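# Quick check, what structure comes out for this input:
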Amino acid sequence: MEKEPEKRKYKYNPIPNRKWDAKNKEHRQYLNKKGATKSFILNLAKPDDLELVREWFKERTNKDIEQ
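Numbering: from 1, shown residues only. Next comes the predicted model:
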C-alpha cells in the first residue's frame, strides 16, 4: 500500500484579502449587509420586525414591477 503524499499546509496571508477588499468595496459591502440581514431575520427578529420586513419587501417588489 502506497503512502499518500502530505498535503501542503495553507498559511494565511492577509495581503491578498486586503487587495481584493480594496478593489471590490461595493461588493464587499453588499455581502456584509446581506449576511447581516439574513442573520437578523433568522436569529433576532421579533414578529413585529418580520411584519415590517414583509411590508418593505412588498414595497420593493412593487417598485421593481413598475419599472
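
# what is the mean pLDDT for stretch 30-39?
Computed over stretch 30-39, the mean pLDDT rounds to 97.

# What residues sit buried inside it?
Along stretch 30-39, no position meets the burial threshold by neighbour count (16 or more other C-beta atoms under 10 Å). Any C-beta I mention is one placed from the backbone N, CA and C, and that applies to glycine too.

# can I get the CA coordinates of it in CSV?
What follows is stretch 30-39, C-alpha atoms only, in CSV (Å, rounded to 0.1, in the frame of the first residue of the first chain):
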residue,chain,number,x,y,z
TYR,A,30,-23.2,44.1,-0.4
LEU,A,31,-22.1,40.8,1.0
ASN,A,32,-21.7,42.1,4.6
LYS,A,33,-25.2,43.7,4.5
LYS,A,34,-26.8,40.6,3.0
GLY,A,35,-25.3,38.4,5.7
ALA,A,36,-26.3,40.8,8.5
THR,A,37,-29.9,40.9,7.1
LYS,A,38,-30.1,37.2,7.0
SER,A,39,-28.7,36.8,10.5
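
# Residue ranges in the chain under the pLDDT threshold?
1 (pLDDT under 70).

# Try it again at 80.
Residues of the chain meeting the criterion pLDDT under 80: 1-2, 67.

# In it, where's the longest helix?
Among the elements of type helix in the chain, defined by DSSP state H, the one spanning the most residues is helix 47-66.

# List of residues touching that helix?
Residues from elsewhere that reach helix 47-66, judged by C-beta atoms under 8 Å, 6 or more residues apart in numbering: 40, 41, 45.

# Tell me the most packed of the residues you listed, by neighbour count.
Per-residue neighbour counts (other C-beta atoms under 10 Å) across the contacts of helix 47-66 peak at residue 45, which has 15 neighbours.

# Let me know how buried residue 28 is, in neighbour terms.
With other C-beta under 10 Å as criterion, residue 28 counts 13.

# Thanks again, I'm all set now.
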